[in-house]
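Asks: Quick one: sequence and predicted model below, then my questions.
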Amino acid sequence: MAIAASLPAAEPPIGVVVGVDFGGGGSLGGSDASHDVIEGELSAGYELWAGFRPEAALLLGFAPRTHAGVRLGLHYTLPDMPLYARAAVDAATVGGAWDWRWLFFGAGAELRLTDLLGGFAEADVGLPLGSLGYGLLLRAGVTLRF
């Protein structure tokens, strides 16, 4: 008679999602000359019902000059698909003082490698809120679920 050992069931994630990404793009138009944008972002969000996830992010930019920023947004994952849409508002210190930059609208795809680890790629278009003109960012990174 063999006795099967039972392993404890894994706890499901509680809904917290942390993401780290790196991206770049550019800004076109506005009162400043057009320029490249290179940024890294650390985000945190909480998965709610029906695919919605509010998010807050801190960013560190390396171009057009070193800057810091915050990004507040709402992420919506399509049911039973790896695709999502995102809207966010962005403020940063690109000009030396805090200023609103863009209202972003974007779309992307996330590949879940495990229940806890995933990778994503996203494209965002930014409507100007300040003097930078229109923005375009392409980002890629990883997500961890807790």
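Replies: Looks like it arrived, so ask away.
Asks: C-alpha from now on. contacts and neighbour counts both.
Replies: Will do.
Asks: how far away is residue 79 from residue 122?
Replies: As for residue 79, its distance to residue 122 is 18 Å (criterion: CA to CA, to the nearest Å).
Asks: ok, the two, which is more surrounded?
Replies: Between residue 79 and residue 122, residue 122 has the larger neighbour count (other CA atoms under 10 Å), namely 20 against 10.
Asks: How many neighbouring residues does the residue nearest to that one when sequence neighbours are not counted have?
Replies: Closest residue to residue 122 apart from its sequence neighbours, by CA to CA, 6 or more residues apart in numbering: residue 108 at 4.0 Å. Using other CA under 10 Å, residue 108 is surrounded by 18 other residues.
Asks: Contacts only, for the residue most central in space within the chain.
Replies: The residue lying closest to the centre of the chain (CA atoms, centre = their mean) is residue 43, at 6.2 Å. The neighbours of residue 43, taking CA atoms under 8 Å, 6 or more residues apart in numbering as the test, are 18, 19, 20, 55, 56, 57, 58.
Asks: Kindly report the same for residue 140.
Replies: Contacts of residue 140 (CA under 8 Å, 6+ apart): 21, 22, 23, 119, 120, 121, 122.
Asks: Could you find the closest non-adjacent residue to residue 50?
Replies: residue 79 (7.7 Å).
Asks: From residue 135, how far off is the one you found?
Replies: 29 Å.
Asks: And for residue 83?
Replies: Counting by CA to CA, the gap from residue 83 to residue 135 is 22 Å.
Asks: neighbour-wise, which of these two wins?
Replies: Using other CA under 10 Å as the criterion, residue 83 and residue 135 rank with residue 135 on top: 23 against 17.
Asks: For that one, list each beta-bridge partner.
Replies: Beta-bridge pairing for residue 135 (DSSP bridges): residue 27, residue 126.
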